[in-house]
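K.L.:
Here is my input; please provide its structure:
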Amino acid sequence: MKIGLVTDNTCNLSDEDIKALDVRIVSLYINRSGKYTKATDLNLEEYYEELGSAAELPSTSQPSPQDFIVAFEDALKTYDALIVPVLSGKLSGTSVSANIAARDFDQPIHVIDSLLVADGPGMLVKNLGEMIKNGASIQELVEYASYFHKKTRTFFSTDDLSYLQKGGRIGKAKALVGNLLKMKPVIKVDEGELKPVENVRGNKKLLESLVSHTFKEIQPENLRRARVQSIWRKEDAATLEKMLRVEAPEAEIESGIIEPIIGTHLGPQGIGIISEMK
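P.N.:
Predicted coordinates for the structure are as follows:
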């Protein structure tokens, strides 16, 4: 049985990885005053410039079942069965659309709510690709994908709480007070939900906190890979990379730009670490 992969764009895979894995990407949408644009069609630099000065925050929207149908039809020209890991169903209805689309097909299509965001699903897709190459069965792949979130940790923050407030993630009063006091929230993805961890003051303490929380939950010797994600914060991202490498020199550590769906809710000062244990 030939097994293929389909996922959504929040996986943040590089073009090289998408080609190597032959994975189909289904895009979520950015809604700007009623105009819907696929996140994959955006120029990130231009979009974040726009987001930084927007009076009205864009909203995000899940793909339609039809979007998944198109991707499934294409993938099933090559593959006999599909594994479809998507971002957390507690934050998006993407998995609902994928499941509705899967009903239209006779071939096995296994939609997995990854309970992850940002690069977490991307790490999962990479690992599934390796497993497929090594001959894993469909049952092994589904089981692995269903429990992979327990092997990952995601912590992130932002300098401007207004975006989390506009996106309905925190209250207006909390955002106002936090911005006035220059407090920076550390937020964790836990079982697919966003949960506050602590508030810190000052950029140095924030970066230290992100690394500290990562290694509280994954011992340095057990860190397989980490992705530092940011917008407009190259120096901070480089600092985080260095801090991670000092503690876990054998881990695979990379940096990248936060994709636009997560970036819309964090704002152009977002930063975070997504990590995977061995």
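K.L.:
Where does the prediction get shaky in this structure?
P.N.:
The model of the chain has pLDDT under 70 over residues 161-182.
K.L.:
let's see it at 50
P.N.:
Scanning the chain for pLDDT under 50 picks out the ranges 169-181.
K.L.:
Domain map for it?
P.N.:
Domain assignment for the chain by automatic domain parsing gives 3-28+36-149, 151-277.
K.L.:
At which residues are the strands of this protein located?
P.N.:
In the chain, the segments counted as strands under DSSP state E are 3-8, 24-26, 29-32, 35-38, 59-61, 81-86, 109-113, 152-157, 183-190, 193-201, 223-230, 252-257, 271-277.
K.L.:
And the last one, how far out from the chain middle?
P.N.:
Mean-position distance between strand 271-277 and its chain equals 10 Å (Cα atoms, centre = their mean, to the nearest Å).
K.L.:
Partner strands of that strand and their direction?
P.N.:
Using DSSP bridges, strand 271-277 pairs in its sheet with strand 152-157 (antiparallel), strand 223-230 (antiparallel).
K.L.:
now swap in the first one and tell me
P.N.:
Using DSSP bridges, strand 3-8 pairs in its sheet with strand 24-26 (parallel), strand 81-86 (parallel).
K.L.:
between the strands paired with strand 271-277, which one is nearest to residue 138?
P.N.:
Nearest to residue 138 among the strands paired with strand 271-277 is strand 152-157 (22.3 Å), distances taken as Cβ to Cβ. For glycine as for every other residue, the C-beta is placed from the backbone atoms N, C-alpha and C.
K.L.:
Please spell out which residues along that closest one are buried.
P.N.:
152, 153, 154, 155, 156, 157 (16 or more other Cβ atoms under 10 Å).
K.L.:
pretty sure the last one contacts residue 273?
P.N.:
It refers to residue 157. No - the pair residue 157 / residue 273 is not scored as a contact, 9.8 Å apart, by Cβ atoms under 8 Å.
K.L.:
Now the common contact residues for those two.
P.N.:
By Cβ atoms under 8 Å, 6 or more residues apart in numbering, residue 157 and residue 273 have these common neighbours: residue 210.
K.L.:
Between the strands paired with strand 3-8, which one is closest to residue 255.
P.N.:
Across the strands paired with strand 3-8, residue 255 has its closest neighbour in strand 24-26 (21.0 Å, Cβ to Cβ).
K.L.:
buried set for stretch 17-34?
P.N.:
18, 21, 23, 24, 25, 26, 27, 28, 29, 30, 32.
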